[in-house]
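1. Next comes the sequence, and after it the predicted model I'd like to discuss.
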Amino acid sequence: MTVIDPDTQAGWAAEAEAEEEDDAEDMPLSLRLSIADTLTLGNATCGFMAVYFTTTGILIPHLTGSDETGMARHSAATAVILMLAAAIFDLFDGLVARKLRSSPMGAELDNLSDLISFGLAPAYFVLVYGMVADDAHQRVSALAAVVVLLAVVLRLARFSCVTMKDGMFQGMPSPFGALTVISIVLLELPFVPTLLAIIGVAWLMVSRVEYPKPRGVLAVAMLSWIVAAMGLLAAWAFDAPGGQLLLQTGCALQVVTGAVIPLFATARRVNTFRDNRREARAAQLP
């Protein structure tokens, strides 16, 4: 029987703890995850699970000839709710990063997660819609899905390179764009208007139209709208009385908001241009 000296065992434990502390100190700052980074990873997880539910609950039953064909309510609602949850994570990771700290790789994690949740997931949703909807054209829908994905890729890349004035985005933010694309699909309009509206949203994401950042009151309003949208989706999924009408009303409001904001931004730019011209002319007068 081997006898271990307590003092020796205590010494080993102290040395092990010291080695762990040294390893933590030697770990590069770029490899340490912050609280904001954890929220960002939650964003990516929600986006991936949205793709999973879209595949297993909508696409596979359609391909296997299941009795439940088309846009199955429960799976479609679950996928969209996960994208909404990703938007909540995306909202809070920025707030937490500003209040606490963010790691050196926080910005890269945010872009990669946004690409999954607000690029791949909605584009895949559009692709599946083109495969299961009665009046849709699969190849054209695939092209529209690629346009949505590339618009988000370009938008995120430009966001990393272009410096905007504080409090503003250039182009429709990818979470807002993704939710607008999903709303267009859930409205179940004829195929051609649906396709044109989706392409219009993709164009807005890469446009120079300015959108306000969700801070302060606007952040609270956005969070409230996301929670309300989750409730509408749940009511629709469980076939609650008026659930279909409520969902279509919410989707219509999302689409109208996405169309109205550029109009206000354009009107503001025109008014600013006119005011500058008037000031220039007044300065030239003797």
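-> Done, it's in. Numbering: from 1, shown residues only.

2. can you give me how far whichever strand or helix holds Met49 is from the chain middle?
-> In the assignment (DSSP states H and E), Met49 maps to helix 35-54. Helix 35-54 sits 10 Å away from the centroid of its parent chain (C-alpha atoms, centre = their mean, to the nearest Å).

3. One more: stretch 254-270?
-> 20 Å.

4. Stretch 61-68 now?
-> 29 Å.

5. before we move on, back to that, tell me what the helix holding Met49 is packed against?
-> With contacts taken as 3 or more C-beta pairs under 8 Å, 6 or more residues apart in numbering; DSSP states H and E, helix 35-54 sits against helix 73-99, helix 106-115, helix 121-132. In short, each C-beta sits where N, CA and C put it, glycine included.

6. Pull the CA coordinates from the shortest one and hand them back as PDB.
-> Put plainly, it is helix 106-115. Provided in PDB are the C-alpha atoms of helix 106-115 (Å, rounded to 0.1, in the frame of the first residue of the first chain):
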ATOM      1  CA  GLY A 106     -16.200  40.100 -30.600                       C
ATOM      2  CA  ALA A 107     -16.800  41.900 -33.900                       C
ATOM      3  CA  GLU A 108     -15.800  38.900 -36.000                       C
ATOM      4  CA  LEU A 109     -18.100  36.600 -33.900                       C
ATOM      5  CA  ASP A 110     -21.000  39.000 -34.400                       C
ATOM      6  CA  ASN A 111     -20.600  39.100 -38.100                       C
ATOM      7  CA  LEU A 112     -20.300  35.300 -38.400                       C
ATOM      8  CA  SER A 113     -23.300  34.700 -36.200                       C
ATOM      9  CA  ASP A 114     -25.400  37.300 -38.100                       C
ATOM     10  CA  LEU A 115     -24.500  35.500 -41.300                       C
END
